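In: sequence plus predicted model, see below.
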Amino acid sequence: MRELDRRTIEEVGIPAVALMENVGRAIAEEVIRWCRERRDVSSGSRQGAGSQSESPGDLVPAVQGDAALRLEEPEREHWLVLAGKGNNGGDGLVAARYLREAGMRVTIVYAVEPGSLTGEAALQREAARALGIPVLVHGEDDVDFTACTGIVDALLGTGSRGAPRGAYAELIAAANGSGRDIVSADIPSGLDADTGAVHDPCIRARRTVCLAFLKRGLAQFPGAEAAGEIVVRAIGIPALLCAQQNVSTFLLTEEVLRTRLGVDTARRRSPDGHKGTYGHVLVAAGSLPMSGAGLLCSRAALRAGSGLVTWALPGPLLPPMAGAAPEVMLASATAADWHEASAARVLELLAGRDVLAVGPGLGRFEGDGRWLRTLWEEAACPMVVDADALNMLAASDDLDAWKPRQADTVLTPHPGEMARLAGLSTAEVQRDRIRLASEYAKAHRVTLVLKGARTVIATPDGDAFVNATGSPGMATGGAGDVLTGIIAGLLAQGASGPQAAAFGVYLHGLAGEAAARRRAHPASLVAGDIIEAL
Ligand SMILES: NC(=O)C1=CN([C@@H]2O[C@H](COP(=O)(O)OP(=O)(O)OC[C@H]3O[C@@H](n4cnc5c(N)ncnc54)[C@H](OP(=O)(O)O)[C@@H]3O)[C@@H](O)[C@H]2O)[C@@H](O)CC1
Ligand SMILES: Nc1ncnc2c1ncn2[C@@H]1O[C@H](COP(=O)(O)OP(=O)(O)O)[C@@H](O)[C@H]1O
Ligand SMILES: [K+]
């Protein structure tokens, strides 16, 4: 039993069977929501994902008074509940009861002889039996997966060790092979909940109902792919206990942004606001071969809502860039290329401005480490450090001697840049992204955005947020420059480092999704499309 479950049950006195009841109900609700969304998609309804608020009269309720457990024509559904012999199986048995109450057809498939279930799982077995829910036992009965419309995977949870064996392995392979939609209880069976390693075989779920708190293994690849869409559901474990147990990894949802990070996700603007109300970003970026990086970053900062944006750039870039984005102000930071002493000019330009974004398209130059150190130590405002500025940071061997920054600092490395910062290989970075990002952010008192699919935002206090928005189409040059601009734009409007980083990553992903939908194929997405979709 997990320590958190144990303390809830033994110290707080909430009965294990009560937690299991909450769990099973949450799983049933998510199965029903899945069925609704699937029907919406197949009927081309605009109601779309996540809608739980049909207007009265839209539905003929099978269960009165409980919207989350209500499904139109429930008899069209026949779900198999695959139950293991531990508590994860017990969760599935409770879900089977609720699905049955909703009017769906349900068949329980035990991985093992049901008589071998013990504790709360055995109680649930008896309840399901009393209700006459049909039962099949693997190895004794034929299971026809083709006859069902969906599968609940309640075979193995956090108590599983190593690769699934015997009946478990056979059922997992058969469920995957059936092509039916699978909703997993807590974790896809066959996944290592801590590392995200995927055993052979491992359930390929469409949705995973993760219980109480986000397990890290669901949030990093390859586990994230096996989990499908992740929904974290409360099950009655007190929040205080979660905090005491150092539960510090969260799935970045709008609710988490609002409640945990205090972000105004509605981005309300005051009716009498003016451009000065929403801050001024100074972007120090771009070089002749990579001028577009500075342009993308500056435009994104404006689209994120910053009142004003000035782009500090090498003088020779000024004529070709003039007019490229009429809303962006340009300021020459150096007569020719970037050089060490141009840091003083950047600081001069920073006077009266609220945020510094530094790095996109800069390139490297003689003395660039000292250039960055000057900005790091002297810029009193919040700062976003990206791209080549991160490489400068990584190359400096005296980081510990730099004066600590007082204002918020956000670092936005992709895995290659993170590898250089941490002195690891990229493969090592990818192996445990959440732990690495958290450790780095805490040790250096920065907010760290470790980019890539399922971007991790780690705060100086040790919390980690995992983003699930975005599209593979965003793997395109310049997408990161856009993110830097968005984060800087949010900082300019008064967000803290963690708020701006988390909300920025979330919005960047949403915009990427919207932009990908607008193109004939996600592969056609270019970074500028993300800005236009903001
Ligand atoms: N009250 C609570 O604590 C709460 C718990 N909750 C739920 O419980 C889940 C954890 O439950 P759990 O600890 O009972 O373990 P679980 O994941 O069901 O599997 C253990 C069984 O699997 C077997 N087995 C293991 N490895 C195997 C393998 N490789 N291949 C084959 N078999 C393998 C192992 O058998 P054994 O090896 O011991 O014979 C044992 O029988 C958690 O994820 C959540 O869903 C929630 O309801 C909240 C309240
Ligand atoms: N498969 C993906 N799913 C979601 N987001 C992605 C994916 N691939 C890339 N991204 C996002 O796109 C951005 C790419 O940034 P980066 O690698 O710095 O590109 P560049 O340096 O060219 O601007 C990051 O924010 C990253 O998280
Ligand atoms: K499971």
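Out: Done, it's in. Numbering: from 1, shown residues only. Ligands and ions are numbered 1, 2, ... in the order given.

In: up against ligand 3, what does the stretch 101-250 of the chain have?
Out: When proximity is defined as C-beta under 5 Å from the ion, the stretch 101-250 of the chain approaches ligand 3 at D153, S184, A185, S189. C-beta: built from backbone N, CA, C; applies to glycine.

In: just put the residues you listed in a markdown table and tack on neighbour count.
Out: Shown next, in a markdown table, are those (neighbours: other C-beta atoms under 10 Å):
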| residue | neighbour count |
| --- | --- |
| D153 | 31 |
| S184 | 34 |
| A185 | 34 |
| S189 | 30 |
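
In: and of the residues you listed, the nearest to P382?
Out: For P382, the nearest member of those is S184. The distance, counting by C-beta to C-beta, is 40.2 Å.

In: which bits of this structure sit near ligand 1?
Out: 1, 5, 16, 19-20, 23, 84-89, 91, 156-165, 168, 185-186, 211, 235 (C-beta under 6 Å from any ligand atom).

In: of all the residues of the stretch 101-250 of the chain next to ligand 3, which two lie farthest apart?
Out: The span of those, defined through C-beta to C-beta, is set by A185 and S189 at 8.7 Å.

In: intersection of neighbour lists for the two?
Out: N88, D153, G157 (C-beta atoms under 8 Å, 6 or more residues apart in numbering).

In: what distance do you get for the last one to L82?
Out: In other words, G157. For G157, the distance to L82 (C-beta to C-beta, to the nearest Å) stands at 12 Å.

In: again, but for the second one
Out: Relative to L82, D153 is positioned 6 Å away (C-beta to C-beta).

In: who touches both of the two?
Out: Residues touching both D153 and L82 (C-beta under 8 Å, 6+ apart): G92, A175, S189.

In: chain neighbours aside, what residue packs nearest to the second one?
Out: Pointing back at A175 there. Nearest non-adjacent residue to A175, counting by C-beta to C-beta, 6 or more residues apart in numbering: I151, 5.2 Å away.

In: tell me the bridge partners for the one you found.
Out: L80, I182 (DSSP bridges).

In: my guess is it contacts L80, does it?
Out: Yes. Counting by C-beta atoms under 8 Å, I151 does reach L80; the two are 5.0 Å apart.

In: which of the two has more residues huddled nearby?
Out: Applying other C-beta atoms under 10 Å to I151 and L80 shows that L80 carries more neighbours, namely 29 against 26.

In: pick out the residue nearest the middle of the protein.
Out: Central residue of the chain (C-alpha atoms, centre = their mean): N467, 1.9 Å from the mean position.

In: beta partners for that one?
Out: L252.

In: list the residues that contact it.
Out: L252, R454, T455, V456, I457, A502, V505, Y506, G509 are the contacts of N467 under C-beta under 8 Å, 6+ apart.

In: these in strands, which ones?
Out: In strands, judged by DSSP state E, the following of the contacts of N467 are found: L252, V456, I457.

In: most neighbours among these, please name it.
Out: I457 (32 neighbours).

In: related to what we said a few turns ago, any chance of a markdown table for the shared contacts of D153 and L82, columns pLDDT and distance to ligand 2?
Out: Below are the shared contacts of D153 and L82 laid out as a markdown table (pLDDT from 0 to 100; distance: C-beta to the nearest ligand atom, whole Å):
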| residue | pLDDT | distance to ligand 2 |
| --- | --- | --- |
| G92 | 98 | 31 |
| A175 | 98 | 26 |
| S189 | 98 | 26 |
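
In: before we move on, back to that, select only the buried ones of the residues of the chain next to ligand 1 in ChimeraX?
Out: In ChimeraX, this line selects whichever of the residues of the chain next to ligand 1 come out buried by 16 or more other C-beta atoms under 10 Å:
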select :5,16,19,20,23,84,85,86,87,88,89,91,156,157,158,160,163,164,168,185,186,211,235
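
In: name the residues of stretch 490-497 that are buried.
Out: L490, L491, A492, Q493, A495, S496, G497.

In: just the endpoints, please. Distance across that stretch?
Out: Start-to-end span of stretch 490-497 (C-alpha to C-alpha, to the nearest Å) is 9 Å.

In: list of residues touching that stretch?
Out: 263, 278-281, 301, 304-307, 354-355, 382, 384, 408-410, 446-447, 459-460, 499-500, 503-504.

In: in a helix, V449, correct?
Out: No. Under DSSP: H, G, I helix; E, B strand; the rest coil, V449 falls outside any helix and is assigned strand.

In: so is stretch 8-23 next to ligand 3?
Out: No. Stretch 8-23 is not in contact with ligand 3 by C-beta under 5 Å from the ion; minimum separation 11.2 Å.

In: what sits up against that stretch?
Out: Under C-beta under 8 Å, 6+ apart, the answer for stretch 8-23 is 1, 5, 87, 90-91, 94, 119-120, 123-124, 185-186, 211, 233-238, 241.

In: okay, buried residues for that stretch please.
Out: Result for stretch 8-23 [16+ other C-beta under 10 Å]: buried residues T8, I9, I14, A16, L19, M20, E21, N22, V23.

In: got the phi and psi for the nearest residue to R260 once chain neighbours are set aside?
Out: Nearest non-adjacent residue to R260, counting by C-beta to C-beta, 6+ apart: F250, 6.3 Å away. Here is the backbone geometry of F250 (degrees, to the nearest 10): phi -130, psi 140.

In: can you verify my assumption that F250 contacts A464?
Out: Yes. The pair F250 and A464 passes the contact test of C-beta under 8 Å, sitting 7.3 Å apart.
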